[in-house]
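> predicted model follows, preceded by the sequence.
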Amino acid sequence: MAFIELKSATLDLPIYDVQGRSLKKQVLRLGRRNTIAENNEGVVVVRALDNVDLRLNPSDRIGLIGHNGAGKSTLLRTMAGIYYPSSGVVQTEGKIVPLLDISLGMDDNSTGLQNIRLRGLLLGMTDAEIKEKTQGIVDFCELGDYLDLPLRTYSSGMRVRLAFAVSTAVDAEILLLDEVMGVGDASFMHKAESRLEALHERAQIVVLAMHSNREIRRVCNKALWMERGRVRAFGPVEEVVSAYESHVGEG
């Protein structure tokens, strides 16, 4: 049974390129609520996650909300194992597929077809899975003969189409998604939305960060409100999103 559990998970990220006493003092002043400090070596450290306790179980569809810098993307990367907590524990069970940078691992000098394999391998697909799904990816991205050309010849929109087609072909037990991306014209967007919904349905647990509260209400059954690296609220989507909107309105 798939699950994600964080127990007192705290993540401190060192910032090594803060140089000069005046700049360092300015940065530290910005962290007057103790999210930015100096460690024993004098390195500026940002507390990106602060004592997070959380458990996600099958059928959970979690929407992450909170202002920019609240810790949403950092939480996704910690769940994915990209970041390891400075203290506390992160435990997971099940195949995790993080769609946090859908173009990661793609090579400009390789053809579109070669990039299907490169990106597929990075997402944990086997060679057999890639072969089985390649034709479906080709049909979906609608790039035709361009798939025989190097990626460097593609427009930015064509790159995103290909990356999206490969990334959404995976079978995940736990799906982590950082913002839905624009992938083309209106007709293709409709296809993309349907494909994304099918991907959600195949996963046991879905965690996504989006800027659209309307979409979070539509696709999620729970919401997690992050604030300054902490969990401000976690529960039924309408309850948490409404509380967040009231809070933002008061601000």
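Done, it's in.

> Ala80: neighbouring residues, count only.
20 (other C-beta atoms under 10 Å). For every residue, glycine as well, the C-beta is placed using N, CA and C.

> ugh, wrong one, Ser87
11.

> same thing with the one 5 residues further on?
Other residues within reach of Thr92, judged by other C-beta under 10 Å, total 18.

> same check, this time on the one 5 residues further on
Val97 has 22 neighbours, counted by other C-beta under 10 Å.

> tell me the secondary structure for it?
strand (DSSP: H, G, I helix; E, B strand; the rest coil).

> scan this protein for its longest helix.
In the chain, assigned by DSSP state H, the helix with the most residues is helix 186-202.

> buried residues of it, list them for me.
Phe188, Lys191, Ala192, Arg195, Leu196, Leu199, His200 (16 or more other C-beta atoms under 10 Å).

> equivalent analysis for stretch 141-151, please.
Cys141, Leu143, Tyr146, Leu147, Leu151.

> now the third one: closest residue in space that isn't a chain neighbour?
To tie it back to what came earlier, the one meant is Tyr146. Distances taken as C-beta to C-beta, 6 or more residues apart in numbering put Gly112 closest to Tyr146, at 6.0 Å, once the chain neighbours are dropped.

> my read: the one you found touches Leu147, true?
Yes: using C-beta atoms under 8 Å, Gly112 is in contact with Leu147, at 3.6 Å.

> quickly list what's touching both of these two.
Leu162 (C-beta atoms under 8 Å, 6 or more residues apart in numbering).

> got the residue ranges for the helices in the stretch 1-150 of the chain?
21-30, 72-80, 112-122, 127-141 (DSSP state H, counting those that start in this stretch).

> so what's the closest residue to Pro58 other than its chain neighbours up against?
Of all residues not flanking Pro58 in the chain, Gln204 sits nearest, at 4.3 Å (C-beta to C-beta, 6+ apart). Neighbour list for Gln204: Met1, Ala2, Pro58, Ser59, Gly94, Glu173, Ile174 [criterion: C-beta under 8 Å, 6+ apart].

> domains of this protein?
The record's domain split for the chain, according to automatic domain parsing, is 3-94+210-250, 99-203.

> re the thing from before, neighbours of the residue nearest to Tyr146, how many?
27.

> per-residue pLDDT, it?
Predicted confidence (pLDDT) for Gly112: 97.
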